[in-house]
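Participant: Here is the input, now give the coordinates:
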Amino acid sequence: SAQPEDYRVTERAYVVLQKQNLVLAVLLLLMIIMAVCVYKPLSRR
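Facilitator: Numbers count the residues shown, from 1 in each chain. Presented below is the predicted three-dimensional model:
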């Protein structure tokens with residue numbers, strides 16, 4: 001049976017993972033936006 005403390009630690013680790021995933025998603029989105037902004041002027045020439 002899981003102890004309350006172990007559950008709390010697991011919950012905290014899960015929250016940290018969620019935040020890391022959010023940061024990664026934002027970085028990925030920024031990279032895509034930058035790529036589009038750079039690619040559009042190049043394709044116009």
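
Participant: any idea how far residue 43 is from residue 20?
Facilitator: Relative to residue 20, residue 43 is positioned 34 Å away (Cβ to Cβ, to the nearest Å). Glycine gets a C-beta too; all of them are placed from N, C-alpha and C.

Participant: So these two - more neighbours on which side?
Facilitator: Neighbour tally, residue 43 and residue 20, criterion other Cβ atoms under 10 Å: the higher count belongs to residue 20, 10 against 7.

Participant: wait, what's in contact with that one?
Facilitator: Residues near residue 20 by Cβ atoms under 8 Å, 6 or more residues apart in numbering: none.

Participant: On the pLDDT front, check it for me.
Facilitator: As predicted, residue 20 sits at a pLDDT of 93.

Participant: Go ahead and list the helix or strand containing it.
Facilitator: Assigned by DSSP states H and E, residue 20 belongs to helix 4-44.

Participant: What is the distance between that helix and the centre of its chain?
Facilitator: In this view, helix 4-44 has its centroid 1 Å away from the chain centroid, taken as Cα atoms, centre = their mean, to the nearest Å.

Participant: Enumerate every residue touching residue 40.
Facilitator: Contacts for residue 40 were tallied using Cβ under 8 Å, 6+ apart; there are none.

Participant: State the pLDDT value of it.
Facilitator: Residue 40 is given a pLDDT of 85.

Participant: next one: residue 15
Facilitator: For residue 15, the model assigns a pLDDT of 90.

Participant: just residue 44 next, same as before
Facilitator: Looking at residue 44, its pLDDT reads 73.

Participant: roughly how far apart are it and residue 38?
Facilitator: 12 Å.
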